[in-house]
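> Sequence below, structure please.
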Amino acid sequence: MEIKEMNVNELNVNEMEDVAGGVGGSRKVLPVKRNCLIYRIQKGDTLSFLASNNRTTVKKLMALNPSIKNANDITAGYYIYLPI
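Reported below is the predicted structural model:
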């Protein structure tokens, strides 16, 4: 059986379930949090784009989502909180 390396940047959202580990959000649907929406990261999303579209800052998004250790490293298919 040939083992093929996966390029995470080319995976679609449905394939993300096959990727072990990772950072930049939660692999599982998050519990409901007051004054927040739960958003599934899409390919091409960045924290600065999401912050801009949700009238907030990258710093606030990272505070809402402590699993994000690097603002430049979020993963498509993972879940994060966005402020309402």
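
> Tell me who's in contact with Asn54.
82-83 (Cβ atoms under 8 Å, 6 or more residues apart in numbering). Yep, even glycine has a C-beta here, placed from its N, CA and C like the rest.

> looking at this, Ser52 is in a helix?
Yes - counting by DSSP: H, G, I helix; E, B strand; the rest coil, Ser52 is located in a helix.

> Dig out what Leu82 forms beta bridges with.
Leu37 (DSSP bridges).

> Excluding chain neighbours, what is closest to Met62?
Ile68 (5.3 Å; Cβ to Cβ, 6 or more residues apart in numbering).

> no, scratch that, I was asking about Ile84
Asn35 (5.1 Å).

> So what's the residue count around that neighbour?
By other Cβ atoms under 10 Å, 8 other residues sit near Asn35.

> Tell me the pLDDT of it.
Per-residue pLDDT puts Asn35 at 91.

> repeat for Leu30
So, for Leu30, pLDDT stands at 83.

> And for Asn72?
93.

> Same check on the one 5 residues further on?
Per-residue confidence for Gly77 comes out at a pLDDT of 93.

> That one and Arg40 touch, don't they?
Yes - at 6.8 Å, Gly77 and Arg40 qualify as touching, with contact defined as Cβ atoms under 8 Å.
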